[in-house]
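J.: Generate a structure from the sequence data that follows.
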Amino acid sequence: MIIIPHNRSTTTIQILKSEVNYDEILLEENEKIRNERQTIVNAHWNLETNITDYNEEYLTKVNKEYDNFRKRQYNTIKQYLTDEHKRNMTESQRRQFERLGFLGFSVLGENEGIEFKNIQIQMEKIYSVATIEMDAGRNLSLEPDLNKIYATSTNESLLKDIWIKWRDQTGKEIRKHFINYIRLGNKAAKELGYKNIVDIWMFDWENGDDIKQQVEQIVNDLMKLYEKIHAYVRYHLAKNYNVSMPIDGTIPAHLLGNLWGQTWGNLLTIFPSMQLKPDLPSLDKEINEKLKNWTVKQMFEMSEKFFISLGMKNMTKIFWEESIIEKRNDVEMVCHASAWDMFVMHDFRIKQCTEKTLEDLVTVHHEMGHIQYFMNYEERPTVYREGANPGFHEAIGDLMALSVITPEHLTKVGLLDKSRIEKNLEDLNLNYLLRVALDKIAFLPFAFVMDKWRWDIFDDDDDQDNDDKRIDHMNRHWWELRLKYQGISPPVKRSEIDFDPGSKYHIPAGVEYVRYFVSHILQFQFYKHLCQNVTEKNKLYQCDFYENKEAGQQLITMLQKGSSDRWQNVLKDFIGTSKMSSDALYEYFAPLNQTLTDFIVKNQIKVGWDAKVDDYFIDGPDSSSASKTQIVTTMQIFIITTTATTLLSIFFII
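T.: The predicted structure follows:
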């Protein structure tokens, strides 16, 4: 440390500042934070793979030590964050000091810091150990039990029962903790000079307001395609389920093949007649049958082989030794799939309770994409060991999966019969595009709502009455947004005693969700760029860049940058533009878009919905008995006479 007496001249002070070895300081501070992250990540790993009181207490202890370390480090770093010092730094030095100087939630005092971290631990624990009791007296866990039922069952009353009970066991129990989480998180934000928790999350985006604006614009851009998919699905659900459908045009949330209604691809396995070409066997069903003869490790080896074919890295020896790729039955564990950088040389891991399904095969590629990112920026300073933005990190594995799940590639790996491709390629591709859209397009409004809801609820304008009102109407606002943006309604009436956002992992885990929205846009931009530049396929959705080393090298160059540059610059260097856009996504789904338009016109299907939250919400009483509280429904399929012209004027107001 350099001590400068107050009576030194300005010139002397400048000389001394210019003599500071910033690289040496950064090397030392980056190594310190790497060591601390190694300790805290290990503690998180131990708890998530074995939920015990001891591991929980140890994580609390480590969290406290980490917060204290970050405060000490900040006191060291802040002396170099003055304008005088910054003028003498390179751009990279300045960027590293600013990142090291960002305290985040560690800014809270010791007692409040411990309380905040413990709230997070408790919320995630409630979610992770939750089970629901069924009539037979069996306790079912989320993975694999409930997810498997939702992916296969056509028993509407069973699906409704699970939908209610899961939310009773998770969100309802988490609600009181979440209110305290908001209070302490917003206090941390204000101590950093920010408005609320969202501003802390947006640090990694470097311009949070711009991201919000881009995301909202893309939601607007995609709504016409989403509403066509929504109308198509609603039409078929009304035909397949012997239940009443809401007269307002919404879809009951428990009928979509997913416990949260976030992805709808399972519907094509549940109802093969929902395919655009229903005479062909369901892709999922055929692939899932073949995967029954695979081991889970083979699924991971298939993913690794794809990355290697691009000239990318093998998984490390430690990866295969330490990863947990199947659910352990001897311990309670967090089953939500995740990838881990342990901040030790070559130590990267995946934790996943893998099932032998196409859905989980895609998840394997997604998580291994994170591992490739970890490995490629491993040599960077610790503060740069992150994605260019969180959405980049989520996009890489999904980018690979877009290539992997093409019918032509699936034949190469033995998951589809070659004769299927030769006889019915055009029809098969339409079914394939619908399958991808039911996951990718249906997901986007859900992803937007996940964080739009938190942006609104976390808002803090220093008016206690307004803050209390937001808290008092948390669940109501959740359903206002789901009705407005997704056209999805609860199967039973809800109340403020319920806390339905808390039934989704990322809410209690405190993980911002806009990263997944952004990744779903970026992956198509990345895909289009690679396919146009390194393959000969004319149709984007048929592109498979397996074994293409040029595509791999372009990816490696991007991944190696980590977060060493602004994400807009990284994006421009990779694909030639710094803006996110839905253009590539629309190009990918162009044949499906036209086919859906033709189908909707031919069958005179109403597109859109007109829902009011008051029809689904009760003030005051507990809705746990709300299965007796009926939603206004009709047995009609909600068909109206329309024309191609009026069809394209789809009802939706942002």
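J.: Can you give me every residue that contacts residue 482?
T.: 253, 449, 488, 489 (Cβ atoms under 8 Å, 6 or more residues apart in numbering). In this view, the C-beta of every residue, glycine as well, is placed from N, C-alpha and C.
J.: the strands in the chain, which residues?
T.: 131-133, 139-141, 245-246, 251-252, 338-341, 348-351, 488-489, 633-634 (DSSP state E).
J.: Go through those strands and pick out the most buried.
T.: strand 488-489 (a mean of 26; mean count of other Cβ atoms under 10 Å).
J.: So which other helices or strands are in contact with that one?
T.: Where contact means 3 or more Cβ pairs under 8 Å, 6 or more residues apart in numbering; DSSP states H and E, strand 488-489 is packed against strand 251-252.
J.: which residues in the stretch 401-550 of the chain form helices?
T.: Secondary structure of the stretch 401-550 of the chain by DSSP state H, counting those that start in this stretch: the helices cover 407-412, 418-457, 464-472, 474-481, 514-534, 549-560.
J.: Just flag the most distant two among the contacts of residue 482.
T.: Pairwise distances across the contacts of residue 482 (Cβ to Cβ) peak at 13.3 Å, for the pair 449 and 489.
J.: count of neighbours near the closest residue to residue 278 other than its chain neighbours?
T.: Take residue 278 and drop its neighbours on the chain: the residue closest to it by Cβ to Cβ, 6 or more residues apart in numbering is residue 272, 6.2 Å away. When neighbours are defined as other Cβ atoms under 10 Å, residue 272 has 17 of them.
J.: List the contacts of residue 272.
T.: Under the contact definition (Cβ under 8 Å, 6+ apart), the residues listed for residue 272 are 278, 281, 282, 285.
J.: Mind doing that once more with 7 Å?
T.: When contacts are counted by Cβ atoms under 7 Å, 6 or more residues apart in numbering, residue 272 touches 278, 282, 285.
J.: Return the member of these nearest to residue 470.
T.: Closest to residue 470, out of all of the contacts of residue 272 and judged by Cβ to Cβ, is residue 282, at 43.9 Å.
J.: where's the residue lying closest to the closest one once chain neighbours are set aside relative to residue 124, distance?
T.: Nearest non-adjacent residue to residue 282, counting by Cβ to Cβ, 6+ apart: residue 272, 4.4 Å away. From residue 272 over to residue 124 the distance is 37 Å, taken as Cβ to Cβ, to the nearest Å.
J.: Equivalent analysis for residue 287, please.
T.: Per Cβ to Cβ, residue 287 is found 32 Å from residue 124.
J.: got the contact list for the closest residue to residue 342 other than its chain neighbours?
T.: Distance criterion Cβ to Cβ, 6+ apart; nearest residue to residue 342, sequence neighbours excluded, is residue 41 at 5.6 Å. If you count contacts by Cβ under 7 Å, 6+ apart, residue 41 has them with 340, 342, 343.
J.: Report how many residues lie close to the closest residue to the last one other than its chain neighbours.
T.: Leaving aside its sequence neighbours, residue 343 sits nearest to residue 38 (Cβ to Cβ, 6+ apart; 4.1 Å). By the criterion of other Cβ under 10 Å, residue 38 has 16 neighbours.
J.: what's the spacing between stretch 140-156 and its chain's center?
T.: Taking Cα atoms, centre = their mean, to the nearest Å, the mean C-alpha location of stretch 140-156 is offset from the chain mean by 21 Å.
J.: what comes up buried for that stretch?
T.: 140, 141, 142, 143, 144, 145, 146, 147, 149, 150, 151, 156 (16 or more other Cβ atoms under 10 Å).
J.: and what of stretch 121-134?
T.: Residues 121, 122, 123, 124, 125, 126, 127, 128, 130, 132 are the ones in stretch 121-134 that count as buried (16+ other Cβ under 10 Å).
J.: Narrow the residues you listed to those in helices?
T.: Among the buried residues of stretch 121-134, the ones falling in helices (DSSP state H) are 121, 122, 123, 124, 125, 126, 127, 128.
J.: Tabulate those (JSON lines), appending pLDDT and distance to residue 32.
T.: Formatted as JSON lines, those follow (pLDDT from 0 to 100; distance: Cβ to Cβ, whole Å):
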{"residue": "121", "pLDDT": "94", "distance to residue 32": "25"}
{"residue": "122", "pLDDT": "97", "distance to residue 32": "30"}
{"residue": "123", "pLDDT": "97", "distance to residue 32": "30"}
{"residue": "124", "pLDDT": "95", "distance to residue 32": "27"}
{"residue": "125", "pLDDT": "95", "distance to residue 32": "30"}
{"residue": "126", "pLDDT": "97", "distance to residue 32": "34"}
{"residue": "127", "pLDDT": "96", "distance to residue 32": "33"}
{"residue": "128", "pLDDT": "93", "distance to residue 32": "31"}
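J.: between the residues you listed, which is nearest residue 558?
T.: Using Cβ to Cβ, residue 124 is the member of those that lies nearest residue 558, at 31.7 Å.
J.: Test my guess that the closest one contacts residue 508.
T.: Yes: Residue 124 lies in contact with residue 508 (Cβ atoms under 7 Å); the separation is 5.3 Å.
J.: who's in contact with the spatially most central residue of the chain?
T.: Nearest to the mean C-alpha position of the chain, by Cα atoms, centre = their mean, lies residue 516 at 3.6 Å. Residue 516 sits next to 394, 447 when contact means Cβ under 7 Å, 6+ apart.
J.: Begin at 142 from now on, thanks
T.: Got it, the first residue is 142 from now on, which makes the last one we talked about residue 657.
J.: Can you pull out the low-pLDDT segments for the protein?
T.: By pLDDT under 70, the low-scoring segments of the chain are 142-159, 602-604, 676-678, 761-795.
J.: measure residue 497 to residue 447 for me?
T.: Separation of residue 497 from residue 447 (Cβ to Cβ): 18 Å.
J.: Look at those two and report which has more neighbours.
T.: residue 447 (22 against 18).
J.: residues in contact with the more buried one?
T.: Residue 447 neighbours (Cβ under 7 Å, 6+ apart): 541, 545, 687.
J.: Residue 408 touches residue 415, doesn't it?
T.: Yes: the pair residue 408 and residue 415 passes the contact test of Cβ under 7 Å, sitting 5.6 Å apart.
J.: These two - which one has more neighbours?
T.: residue 408 (25 against 22).
J.: list the contacts for the more buried one?
T.: 374, 397, 398, 415, 579.
J.: I figured residue 600 hits residue 340, correct?
T.: No: between residue 600 and residue 340 there is no contact under Cβ under 7 Å: 10.6 Å.
J.: The two: which is more packed in?
T.: Higher neighbour count among residue 600 and residue 340: residue 340, with 18 against 15, using other Cβ under 10 Å.
J.: Quickly note the distance from the more buried one to residue 393.
T.: Distance from residue 340 to residue 393, by Cβ to Cβ: 36 Å.
J.: ok, back up a step: adding distance to residue 303, write the buried residues of stretch 262-275 out as JSON lines.
T.: Output for the buried residues of stretch 262-275, formatted as JSON lines (distance: Cβ to Cβ, whole Å):
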{"residue": "262", "distance to residue 303": "26"}
{"residue": "263", "distance to residue 303": "24"}
{"residue": "264", "distance to residue 303": "21"}
{"residue": "265", "distance to residue 303": "21"}
{"residue": "266", "distance to residue 303": "21"}
{"residue": "267", "distance to residue 303": "18"}
{"residue": "268", "distance to residue 303": "16"}
{"residue": "269", "distance to residue 303": "18"}
{"residue": "271", "distance to residue 303": "12"}
{"residue": "273", "distance to residue 303": "7"}
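J.: closest to residue 610 among these?
T.: When the buried residues of stretch 262-275 are compared against residue 610 (criterion: Cβ to Cβ), the nearest one is residue 264, at 22.8 Å.
J.: Next, the contact list for the closest residue to that closest one other than its chain neighbours, please.
T.: Nearest in space to residue 264, with sequence neighbours left out and distances taken as Cβ to Cβ, 6+ apart, is residue 649 at 3.5 Å. The neighbours of residue 649, taking Cβ under 7 Å, 6+ apart as the test, are 264, 265, 267, 268, 315, 643.
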